[in-house]
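K.L.:
coordinates only, sequence not included:
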């Protein structure tokens with residue numbers, strides 16, 4: 001509650017990046033498919049990943065009572081490859097589970113849901129983070145199903161509140177995942 005301003009500033013960073021990208025593309029009259037388009041788009045994608053990682057790291061800092069600095073975001077640069085590789089592996093595993101049947105896909109989603117947090121927080125490699133996430137979630141899959149269902153219900157409530165409710169429900173849901181991650185990490189020590 002004390003850091004609600006920091007939470008909203010961090011929460012809005014990806015939106016600001018998207019607005020800057022859209023403004024730059026339209027004001028510079030960059031046409032799709034040109035060299036300038038691909039340079040701008042590539043820069044946007046790279047900054048999106050870095051800001052996404054920085055936002056997660058900032059939420060970890062906020063929930064741990066630490067101050068957010070520029071280093072909160074710049075420290076993510078060396079972890080970018082591991083983050084991308086872990087995301088790619090997660091998608092492959094989860095999609096493979098969904099191809100088998102729906103249930104394995106859901107179980108893999110729950111099992112590996114904290115992989116990105118472990119890459120960002122503990123600077124783990126992709127395989128190491130997948131294994132650590134599986135260990136963190138071992139034995140609590142039904143609890144996680146209830147948790148995810150509660151956050152989805154919260155999001156729908158935000159939508160039903162004329163979309164304005166999303167300004168509350170999305171940050172609350174995001175922070176709740178970070179708090180759950182912190183609880184699981186401290187539990188496994």
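P.N.:
Looks like it arrived, so ask away. Computed from a prediction, not measured in an experiment: that's the story for all the values here.

K.L.:
From here on, just use CA atoms for contacts and neighbour counts.
P.N.:
Fine.

K.L.:
for the residue of the chain most remote from its centre, helix, strand, or coil?
P.N.:
Of all residues in the chain, residue 29 has its C-alpha farthest from the mean position, at 31.6 Å, by C-alpha atoms, centre = their mean. At residue 29 the chain is in coil, as set by DSSP: H, G, I helix; E, B strand; the rest coil.

K.L.:
And it, what's its pLDDT?
P.N.:
Among the per-residue scores, residue 29 holds a pLDDT of 75.

K.L.:
What residues sit buried inside the longest helix along the chain?
P.N.:
Determined from DSSP state H, the single longest helix within the chain is helix 35-63. By neighbour count on 16 or more other C-alpha atoms under 10 Å, the buried set for helix 35-63 is 37, 44, 47-63.

K.L.:
the helices in this protein, which residues?
P.N.:
4-27, 35-63, 70-74, 80-100, 102-111, 115-122, 126-136, 141-160, 166-187.

K.L.:
which parts of the fifth one are buried?
P.N.:
Of the residues in helix 102-111, those with enough neighbours to count as buried (16+ other C-alpha under 10 Å) are 104, 105, 106, 107, 108, 109, 110, 111.

K.L.:
Likewise for the shortest one?
P.N.:
In terms of neighbour count (16+ other C-alpha under 10 Å), helix 70-74 has its buried residues at 72, 73.

K.L.:
roughly how far out does it sit from the chain middle?
P.N.:
Distance of helix 70-74 from its chain centroid, counting by C-alpha atoms, centre = their mean, to the nearest Å, is 16 Å.

K.L.:
quick one: low-confidence parts of this protein?
P.N.:
Where the chain drops to pLDDT under 70, the residues are 1-2, 188-189.

K.L.:
Ramachandran coordinates for residue 165?
P.N.:
Main-chain dihedrals, residue 165, degrees, to the nearest 10: phi -60, psi -20.

K.L.:
who's in contact with the closest residue to it other than its chain neighbours?
P.N.:
Leaving out its chain neighbours, the residue that sits closest to residue 165 by C-alpha to C-alpha, 6 or more residues apart in numbering is residue 158, at 3.8 Å. Contacts of residue 158 were listed using C-alpha atoms under 8 Å, 6 or more residues apart in numbering, and they are 164, 165, 166, 167, 168, 169, 170.

K.L.:
what's around the fifth one, how many residues?
P.N.:
What that stands for is residue 168. For residue 168, the count of nearby residues is 14 (other C-alpha atoms under 10 Å).
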